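>>> sequence unavailable; structure follows:
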Ligand SMILES: NC(=O)C1=CN([C@@H]2O[C@H](COP(=O)(O)OP(=O)(O)OC[C@H]3O[C@@H](n4cnc5c(N)ncnc54)[C@H](O)[C@@H]3O)[C@@H](O)[C@H]2O)C=CC1
Ligand SMILES: O=C(CO)COP(=O)(O)O
């Protein structure tokens with residue numbers, strides 16, 4: 001641990017520079033610039049790209065202090081330094097913020113093995129999961145197991161472009177045992193416009209952020225079919241119910257209160273109203289499912305990545321392997337629509353046989 005005048009001093013690196021990665025770097029840097037327990041500089045690892053102008057993205061960010069591709073028009077703060085070299089970006093950092101699309105995390109972690117400062121801590125802002133032979137693996141566990149470090153999570157109603165312009169938002173930090181570390185992360189992220197709470201339920205917090213993207217696709221399909229607010233509200237309610245049931249089946253320790261935190265119902269609402277998964281799913285439904293999600297993602301998000309489609313596939317793998325499909329008709333139907341096995345209109349037809357989820361945890365029915 002680096003010390004200064006007898007006090008611990010923390011150096012932050014952000015691994016990811018997409019839409020949320022850039023906003024998170026900006027927010028963190030606004031705090032490290034004024035909090036004495038943190039070094040000012042925040043190094044942000046950039047997956048290098050060549051811009052249409054022929055310039056390297058990392059060089060453009062350092063010259064303009066702006067990520068013209070993933071967060072145009074927003075200054076990041078002069079203490080945000082873009083670094084295309086992963087090892088250099090994390091050098092001497094003892095607080096690592098992972099914020100890339102979840103499909104890239106395993107490869108990144110493998111490159112970081114043996115490269116970290118001893119005693120470094122991590123937090124994952126990544127909404128997604130991996131499915132291994134042995135079953136579902138949360139991203140925070142993938143990071144912790146691959147790198148041999150502690151990893152918390154930060155999830156919440158966090159549409160990045162709204163946080164970039166400092167509109168009031170909230171977030172939930174999920175941790176396992178070490179509340180002191182969770183509170184240090186909360187100190188790093190808390191600003192007058194970004195209110196962070198902590199919850200000793202890392203699995204519940206992380207699964208909320210992961211699963212809500214599937215429900216957001218369902219909400220987008222409803223929008224694309226012009227089905228109205230009541231239908232969308234019903235889909236969100238059923239989706240929240242399945243999120244809670246799936247989480248508790250996977251991790252019985254998951255707490256009901258977690259679903260009332262920002263990571264739960266608030267993130268579900270914001271994503272079903274204003275998220276990218278919703279927007280692309282709406283377009284998918286308006287095209288009658290004839291244009292693929294990959295095609296629409298490339299055209300509409302211009303390099304940004306959906307997480308809901310791959311998460312729907314990963315969850316479907318778990319449901320199939322464990323024989324739970326009948327318990328989760330919404331989560332299952334979204335995947336089957338995404339791969340073209342069912343038409344978008346199926347998103348409301350499945351509900352004729354609402355499952356009895358009361359068998360899962362607790363004594364009151366889930367409906
Ligand atoms: N954008 C948002 O509003 C929010 C996003 N999140 C979550 O944060 C995570 C990161 O999302 P964003 O920062 O928005 O990213 P993004 O959706 O903007 O994705 C683009 C990023 O992916 C990187 N990338 C592309 N190919 C890559 C590769 N082969 N290897 C490594 N990186 C590659 C790009 O360089 C770029 O940094 C996701 O899990 C997302 O669900 C969470 C809250 C809000
Ligand atoms: O996670 C998010 C809001 O909290 C962003 O959701 P989208 O990826 O659907 O834009």
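Great, that's in hand. Being a predicted model, the structure only gives us computed values, none of them experimental. Ligands and ions are numbered 1, 2, ... in the order given.
>>> what does the stretch 151-300 of the chain put close to ligand 2?
Taking C-beta under 6 Å from any ligand atom as the contact definition, the stretch 151-300 of the chain meets ligand 2 at 157, 158, 159, 213, 216, 267, 270, 271, 275, 276, 277. From N, CA and C alone the C-beta is placed, and that goes for glycine too.
>>> would you agree residue 167 is in contact with residue 193?
Yes. The pair formed by residue 167 and residue 193 meets the contact definition of C-beta atoms under 8 Å, at 6.7 Å.
>>> one step back: including secondary structure, distance to residue 285 and neighbour count, could the residues of the stretch 151-300 of the chain next to ligand 2 go into a markdown table?
Output for these, formatted as a markdown table (DSSP: H, G, I helix; E, B strand; the rest coil; distance: C-beta to C-beta, whole Å; neighbours: other C-beta atoms under 10 Å):
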| residue | secondary structure | distance to residue 285 | neighbour count |
| --- | --- | --- | --- |
| 157 | coil | 24 | 25 |
| 158 | coil | 25 | 25 |
| 159 | coil | 21 | 19 |
| 213 | helix | 16 | 26 |
| 216 | helix | 13 | 32 |
| 267 | helix | 22 | 28 |
| 270 | helix | 20 | 20 |
| 271 | helix | 17 | 26 |
| 275 | coil | 15 | 24 |
| 276 | helix | 15 | 22 |
| 277 | helix | 13 | 27 |
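>>> how about the nearest residue to the residue in the chain positioned nearest to ligand 1, chain neighbours excluded?
For the chain, the residue closest to ligand 1 is residue 18, as judged by C-beta to the nearest ligand atom, at 2.4 Å. Nearest residue to residue 18 in three dimensions, chain neighbours excluded: residue 70, at 4.9 Å (C-beta to C-beta, 6 or more residues apart in numbering).
>>> residue contacts, that neighbour?
Contacts for residue 70 were tallied using C-beta atoms under 8 Å, 6 or more residues apart in numbering; they are 17, 18, 19, 21, 22, 303, 304.
>>> cross those against strands and list the overlap.
In this view, the contacts of residue 70 have no member that belongs to strands under DSSP state E.
>>> any chance of these in TSV, with pLDDT and neighbour count too?
TSV is the format used below for these (pLDDT from 0 to 100; neighbours: other C-beta atoms under 10 Å):
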residue	pLDDT	neighbour count
17	98	31
18	98	22
19	98	22
21	98	27
22	98	28
303	97	11
304	98	16
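>>> list the contacts of the residue of the chain found nearest ligand 2.
In the chain, the residue found nearest to ligand 2 is residue 275; the distance is 2.7 Å by C-beta to the nearest ligand atom. When contacts are counted by C-beta under 8 Å, 6+ apart, residue 275 is found next to 159, 213, 216.
>>> same list (those) but as a markdown table, adding distance to ligand 1 and pLDDT.
As requested, the contacts of residue 275 are arranged in a markdown table below (distance: C-beta to the nearest ligand atom, whole Å; pLDDT from 0 to 100):
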| residue | distance to ligand 1 | pLDDT |
| --- | --- | --- |
| 159 | 5 | 98 |
| 213 | 7 | 98 |
| 216 | 10 | 98 |
